[in-house]
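In: got a predicted structure here, sequence first:
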Amino acid sequence: MKKKVQFSLIFLYHKLNSKIFLFHLGDEIGLSEVQKIYDICHFSWRIFCTNLFFKKNNVSCIPLGYKSDVYEKKSEKIYKWVFTGTVHKSSRQDLLFQLSDIKPSYCYKTEQFDLKPLEVGKMSEILSSTEFIPCPNGFFHPETYRLYEALECECIPIVENAFKYYDRLFPNNPFIKVDRWIEAKPVVEKWEDDQIKQKQEECKMWWNQYKKELQEFITNKINL
């Protein structure tokens, strides 16, 4: 019933010849029938992109983003890698197995999403003190907050290369991509300081530029 009311309101604005801009912040599983709504909007932005929306003229995919108050704290990089969150898939089990003997590291496991999560200030402190952040796929979708928290705290993200998702979402991105977590081990374990600093700076510059361009893109669309 709620969806019908929302659709009716959008349809009414459409009839009144008003420009409608939609930010769709949900639909992780990709089951919502949203195309009819998108079609009557002037432009839509959505998180959790799927094949249906990568090349739509009136829809743009935007990052899932990061938790409020996550930010980079100027500190020494004391951890080689960090993992926080649930270990609900075999991929995550393999991640921990492959990297477990690389020290120093930090691991904070939770039984389920949002159950006793690490306090945001503490998370910012730990991520800001870390070189590499492994970013396994989410439960339903490749994206998780973890990638964007890593970028925001100036860490190097290592992402699972499922369906080349991030190359389609962010062409020419600087992330390290792996098909199996065993491929991440020599990177985390053997990269020299110069390689690490160069990649950190590359990720930092790319992320800051991307956010700037995204803001400009949204502003220009709305002001047309």
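Out: Perfect, thanks for sending it.

In: just the helices in this structure please.
Out: Assignment of helices within the chain using DSSP state H yields the ranges 2-15, 35-39, 90-99, 120-128, 145-152, 165-169, 185-190, 193-223.

In: the last one to helix 145-152, inter-axis angle?
Out: It stands for helix 193-223. Angle between the axes of helix 193-223 and helix 145-152 is 110 degrees (criterion: axes from the mean of the first three to the mean of the last three CA atoms, to 10 degrees).

In: give me the below-cutoff pLDDT ranges for this protein.
Out: Screening the chain residue by residue with the criterion pLDDT under 70, one finds the ranges 1-17, 112-116.

In: what do you get if the cut-off is 90, keeping everything else the same?
Out: Under the criterion pLDDT under 90, the flagged ranges of the chain are 1-20, 26-42, 50-57, 67-75, 88-90, 110-120, 139-140, 162-163, 224.

In: buried residues of stretch 24-44, list them for me.
Out: Applying a neighbour-count criterion of 16 or more other CB atoms under 10 Å, one finds 24, 34, 37-38, 40-41, 43-44 buried in stretch 24-44. C-beta: built from backbone N, CA, C; applies to glycine.

In: ok, of those, which one's closest to residue 142?
Out: Relative to residue 142, the closest of the buried residues of stretch 24-44 is residue 24; by CB to CB it sits at 17.6 Å.

In: which residues touch the closest one?
Out: For residue 24, the residues meeting the contact criterion (CB atoms under 8 Å, 6 or more residues apart in numbering) are 34, 44-47.

In: redo the buried residues of stretch 24-44 as CSV? Include distance to residue 154.
Out: Formatted as CSV, the entries for those read as follows, by distance: CB to CB, whole Å:
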residue, distance to residue 154
24, 29
34, 35
37, 37
38, 35
40, 41
41, 36
43, 32
44, 31
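
In: select from the residues you listed every entry located in strands.
Out: Judged by DSSP state E, the buried residues of stretch 24-44 include 24, 43-44 as members of strands.

In: quick check, residue 20 in contact with residue 42.
Out: Yes - in this structure, residue 20 sits in contact with residue 42. The criterion is CB atoms under 8 Å, and the distance is 5.5 Å.

In: grab the nearest non-local neighbour of residue 210.
Out: residue 170 (7.0 Å; CB to CB, 6 or more residues apart in numbering).

In: surely that neighbour meets residue 211?
Out: No - contact between residue 170 and residue 211 fails when scored by CB under 8 Å: they sit 11.7 Å apart.

In: and the residue nearest to residue 78 when sequence neighbours are not counted, how far from residue 80?
Out: Leaving aside its sequence neighbours, residue 78 sits nearest to residue 129 (CB to CB, 6+ apart; 4.9 Å). Using CB to CB, to the nearest Å, residue 129 is found at 11 Å from residue 80.
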